[in-house]
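**Q** have a look; sequence and predicted model below, questions after that.
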Amino acid sequence: MNIAVLVKLVPDTAAMIRLNAEKTGIETRDLNWVLGPYDEYAAEEALALVEKNGGEVTVIACGAENNVEALRKTLAMGANNAMLIKRDGPSDQLATAKAIANVIKDRNYDLIFAGYRATDDDSTALGPMVGALLDMPCITEVSKLEVGDTSLKAERNIEGGSEVFEANLPCIITAQKGLNEPRYPKLKGIMMAKKKPIETIDADAGEAHVETTGMTYPMERPAGKIVGEGAEAVPELVRLLRDEAKVIE
Amino acid sequence: MSVLVYCEVSGGSLKKASLEALSEGKKLAGTLGGAMNAVVIGNGLDAHFEAIKNHGAEKIFAVDAADHDNYIPEAHLIAVTEAAGQAGATVCLIPATTRGRELAPRVAAKLDAGLIEDVTGLDADGGQIVATRPEHAGKVYRTVKSKALPMVVSTRPNNFDAVANAGAGERVDLSIDFTAKAKVVETRKAGGEKIDVAEADRIVAGGRGLREEENFKLVEDLAATLNAAVGASRAVVDTDWRPHSEQIGQTGKVVSPTLYIAVGISGAIQHLAGMTTSKTIVAINKDADAPIFKVADYGIVGDAMEVLPALIAELKK
Ligand SMILES: Cc1cc2nc3c(=O)[nH]c(=O)nc-3n(C[C@H](O)[C@H](O)[C@H](O)COP(=O)(O)OP(=O)(O)OC[C@H]3O[C@@H](n4cnc5c(N)ncnc54)[C@H](O)[C@@H]3O)c2cc1C
Ligand SMILES: Nc1ncnc2c1ncn2[C@@H]1O[C@H](COP(=O)(O)O)[C@@H](O)[C@H]1O
């Protein structure tokens, strides 16, 4: 099987996010960057499939040079090849999707994995966009997957239940938690990843469809109050919820 | 200029998030100076037209056929792009449900349009869209303005009010041509009458402070008493006490119910990212210094095993 995994470098989810002085973006100095948490599930699924069925895993990142770090992390997990699609310019999902689709269309992948969402822009867009551009099926937020020779079965949670999909290969899958337990890279993998070549392709910056007019922090919650200690505080809590907050009858 | 709103029918019912999107769409169409139309696809849609009309739709484009009992992503994509073409839509609004989160980017790709996902604020200025959306799981918000139309925008569920507006509600049946590249072969409902956290108006969430899986019975009882959904921290999802569908936070669901009760949850930054937009937050934790108290409106410092039974009893009085 010839499998591609789309990966992106994102700030650690434990990070405090601060805005830059102009309030047009986030302050990126001092941030700790990691492979997208959902991209880890995506990479794990691809690696496990290739271990079972044979084939190769190629990891692909599109964007600035620093994405090489995300590629190295997946190489360390065991991916065979890595590709950086260099694209400068403002981030734009459709422009990124077009750059990726352009490369993927000639490479005959049987399966393409992505995270279901990147934990920075939270846009959940890239997989389905690439799918629509290439007229390829894309099943999103998959938490269970069975892959056969020419088709697959995928399950995902939806509001109040779950759905089971069937599709033929080639297909794009976006990974949700639950799909697998991502492996930790071993020291040997990390050493090898440092030496592996990374194919670099230049892409058009494309157009940005929107411009940022400003960024803000969420509204601060006013300081709350400790109603009291232990079970004794319960009647007062219930009174406050009824009479002050008016959230229960 | 006109606005097209995708109305989601799944499991035989029209999603509330669709009515919210219609209400926002109506406002937006007014500001842009155009009409708002709707598109809906499913099987046996008659029951839903009244609600769509009463939320302001002028035309309702409908694909109503037995094929669409189950979800076929490609068919929904074609229905929206076909309706957008016929209506000359310059803005497509799609509720950012599980389905909407994948439909919106597809529509944007097909229409070669810009996309703004999961917005919590929506307006127009000088004929362009201005929208605000959370990023980094709500740690910051970004406001963007479109550079050109058409645009595709998905609206966060449970964030906008659904308000009634009179519309002409003229039905326009569409017949579409599509190939099902992927299709749903089975839809399962979560057990019983369980309320999904993403759609719940009240949530009782439990964390590692409950100490044992069995003690979640108390959380379930409190939830039942309040007609609330059960939520969980990642710590208890990772130990398999609770399913991932209940996880709240940066790598779970982002929720904003009217009432959120956090029991035995410390309030890690990734958890807070998923719930601080709740209207009223209550925390029950035995550690007075737990970060959850910083975002809680009301707190009780104490042992969950004592406080929960007392709270259930008091509410039942
Ligand atoms: C990439 C990444 C993503 C993450 N995403 C999420 C996410 O989406 N959601 C999420 O929740 N977490 C997430 N986390 C994990 C997060 O960092 C915390 O580890 C987790 O939220 C802790 O869960 P907890 O509060 O239940 O447990 P703990 O932090 O162990 O807190 C338990 C609390 O219970 C209290 N307690 C103990 N006994 C009692 C008692 N008898 N009665 C009352 N209180 C008691 C303690 O004082 C403590 O405050 C993520 C982490 C990473 C690295
Ligand atoms: N610039 C990028 N390069 C490669 N993959 C990406 C890029 N942006 C997003 N992805 C993939 O698409 C997923 C969803 O991202 P997003 O649509 O930005 O939420 C991520 O988890 C990645 O797998």
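**A** Received it, and whenever you're ready, just let me know what you need. Ligands and ions are numbered 1, 2, ... in the order given.
**Q** the closest residue to chain A within chain B pairs with what?
**A** Residue of chain B nearest chain A, by CB to the nearest CB: residue B:114 (2.5 Å). Yep, even glycine has a C-beta here, placed from its N, CA and C like the rest. Listed by DSSP bridges, the beta-bridge partners for residue B:114 are residue B:151.
**Q** where are the low-confidence patches of chain B?
**A** Within chain B, the stretches with pLDDT under 70 are B:191-193.
**Q** hmm, 50 instead?
**A** Within chain B, no range satisfies pLDDT under 50.
**Q** same check, this time on chain A
**A** Looking at chain A by pLDDT under 50, you get an empty list.
**Q** show me the domain layout of it.
**A** According to automatic domain parsing, chain A comprises the domains A:2-202, A:219-249.
**Q** mean neighbour count, the ones you listed: which tops it?
**A** Most buried of the domains of chain A, by mean neighbour count (mean count of other CB atoms under 10 Å in any protein chain shown): domain A:2-202, with a mean of 20.
**Q** enumerate the residues of chain A near ligand 1.
**A** Along chain A, the residues adjacent to ligand 1 under the rule CB under 6 Å from any ligand atom are A:13-14, A:37.
**Q** and those, which is closest to ligand 2?
**A** Ranked by distance to ligand 2 (CB to the nearest ligand atom), those are led by residue A:37 at 8.5 Å.
**Q** that closest one and residue A:117 touch, don't they?
**A** No. Using CB atoms under 8 Å, residue A:37 makes no contact with residue A:117, being 9.4 Å away.
**Q** residue 37: what's it in contact with?
**A** By default, I'm working from chain A. A:13, A:115, A:119, B:251 (CB atoms under 8 Å, 6 or more residues apart in numbering or on different chains).
**Q** um, chain B though
**A** B:2-5, B:57-61, B:83, B:87, B:89.
**Q** looking at these, which is nearest residue A:29?
**A** residue B:3 (40.9 Å; CB to CB).
**Q** any idea how far the closest one lies from residue B:195?
**A** 31 Å (CB to CB, to the nearest Å).
**Q** between the two, which one's more packed in?
**A** residue B:3 (31 against 19; other CB atoms under 10 Å in any protein chain shown).
**Q** ok so, going back, just give the number of residues close to the residue of chain B closest to chain A.
**A** Number of residues near residue B:114 (other CB under 10 Å) recorded here: 24.
**Q** coming back round to it: which one of the domains of chain A lies closest to ligand 2?
**A** domain A:2-202 (2.3 Å).
**Q** wait, the residue of chain B closest to chain A touches residue B:152, no?
**A** Yes. Using CB under 8 Å as the test, residue B:114 is close enough to residue B:152 to be in contact (7.2 Å).
**Q** wait, what's in contact with the residue of chain B closest to chain A?
**A** A:92, A:94, A:209-210, B:108, B:146-148, B:150-152.
**Q** adding distance to ligand 2 as columns, could you present the residues you listed in TSV?
**A** Shown next, in TSV, are the contacts of residue B:114 (distance: CB to the nearest ligand atom, whole Å):
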residue	distance to ligand 2
A:92	10
A:94	11
A:209	14
A:210	14
B:108	11
B:146	18
B:147	19
B:148	21
B:150	20
B:151	17
B:152	14
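**Q** buried subset of the residues you listed?
**A** Applying 16 or more other CB atoms under 10 Å in any protein chain shown to the contacts of residue B:114, the neighbour count classes A:92, A:94, A:209-210, B:108, B:146, B:150-152 as buried.
**Q** between which two of the contacts of residue A:37 is the distance greatest?
**A** Checking these with CB to CB, the most distant pair is A:13 and A:115, at 12.6 Å.
**Q** quick check: what element follows the lengthiest helix in chain A along the chain?
**A** The longest helix of chain A (DSSP state H) is helix A:37-53. Counting by DSSP states H and E, the next helix or strand C-terminal to helix A:37-53 is strand A:56-63.
**Q** does that next one reach chain B?
**A** No. Contact of strand A:56-63 with chain B (CB under 8 Å from any CB of the partner chain) is absent, the minimum separation being 15.2 Å.
**Q** quick one, what contacts residue B:12?
**A** Contact analysis of residue B:12 by CB under 8 Å, 6+ apart lists residue B:44.
**Q** gap between it and residue A:105?
**A** As judged by CB to CB, residue B:12 and residue A:105 stand 39 Å apart.
**Q** now swap in residue A:85 and tell me
**A** According to CB to CB, residue A:85 and residue A:105 sit 13 Å apart.
**Q** for the residue in the stretch 51-200 of chain B that ligand 2 sits nearest to, which non-adjacent residue is spatially closest?
**A** Per CB to the nearest ligand atom, residue B:105 is where the stretch 51-200 of chain B lies closest to ligand 2, at 7.3 Å. Counting by CB to CB, 6 or more residues apart in numbering or on different chains, residue B:105 lies nearest to residue A:125, which is 3.8 Å off, once chain neighbours are set aside.
**Q** shouldn't the one you found be in contact with residue A:93?
**A** Yes. Counting by CB under 8 Å, residue A:125 does reach residue A:93; the two are 4.5 Å apart.
**Q** is stretch B:126-134 up against chain A anywhere?
**A** Yes. Stretch B:126-134 lies within reach of chain A by CB under 8 Å from any CB, at B:130, B:133-134.
**Q** my bad, should have said stretch B:64-80
**A** Yes. Stretch B:64-80 reaches chain A (CB under 8 Å from any CB) through B:71, B:73-74, B:77.
**Q** which ones among those lie within helices?
**A** B:73-74, B:77.
**Q** are any of those residues buried, and if so which?
**A** By neighbour count, with 16+ other CB under 10 Å, those hold B:73-74, B:77 as buried.
**Q** report the contact partners of residue 25.
**A** Using chain A. Here residue A:25 is in contact with A:19, A:212, A:215 (criterion: CB under 8 Å, 6+ apart).
**Q** wrong chain, I was asking about chain B
**A** Residue B:25 touches B:3-5, B:36, B:56, B:91, B:93, counting by CB under 8 Å, 6+ apart.
**Q** residue A:236 and residue B:282, how far apart?
**A** Counting by CB to CB - residue A:236 and residue B:282 are separated by 12 Å.
**Q** likewise residue B:262?
**A** Distance of residue B:262 to residue B:282, given as CB to CB: 7 Å.
**Q** now do the shared contacts for those two.
**A** Counting by CB under 8 Å, 6+ apart, the shared contacts of residue B:262 and residue B:282 are residue B:296.
**Q** what about those two, which has more around it?
**A** Taking neighbours as other CB under 10 Å, residue B:262 and residue B:282 compare with residue B:262 leading, 31 against 25.
**Q** now do the strands in chain A.
**A** A:2-6, A:9-11, A:33-35, A:56-63, A:81-86, A:111-115, A:138-147, A:151-158, A:161-168, A:171-175, A:199-202, A:210-216, A:225-229 (DSSP state E).
**Q** packing partners of the longest one?
**A** Helices and strands in packing contact with strand A:138-147 are listed as helix A:37-53, helix A:126-134, strand A:151-158, strand A:171-175, helix B:98-111; criterion 3 or more CB pairs under 8 Å, 6 or more residues apart in numbering or on different chains; DSSP states H and E.
**Q** can you check the fourth one too?
**A** Helices and strands in packing contact with strand A:56-63 are listed as strand A:2-6, helix A:37-53, helix A:68-77, strand A:81-86, helix A:93-104; criterion 3+ CB pairs under 8 Å, 6+ apart.
**Q** what angle do it and helix A:93-104 make?
**A** 150 degrees (axes from the mean of the first three to the mean of the last three CA atoms, to 10 degrees).
**Q** what does the fifth one give?
**A** Interaxial angle, strand A:81-86 versus helix A:93-104 (the same axes, to 10 degrees): 140 degrees.
**Q** ditto for the longest one
**A** Put simply, strand A:138-147 runs at 40 degrees to helix A:93-104, going by the same axes, to 10 degrees.
**Q** try the first one
**A** Strand A:2-6 runs at 160 degrees relative to helix A:93-104, counting by the same axes, to 10 degrees.
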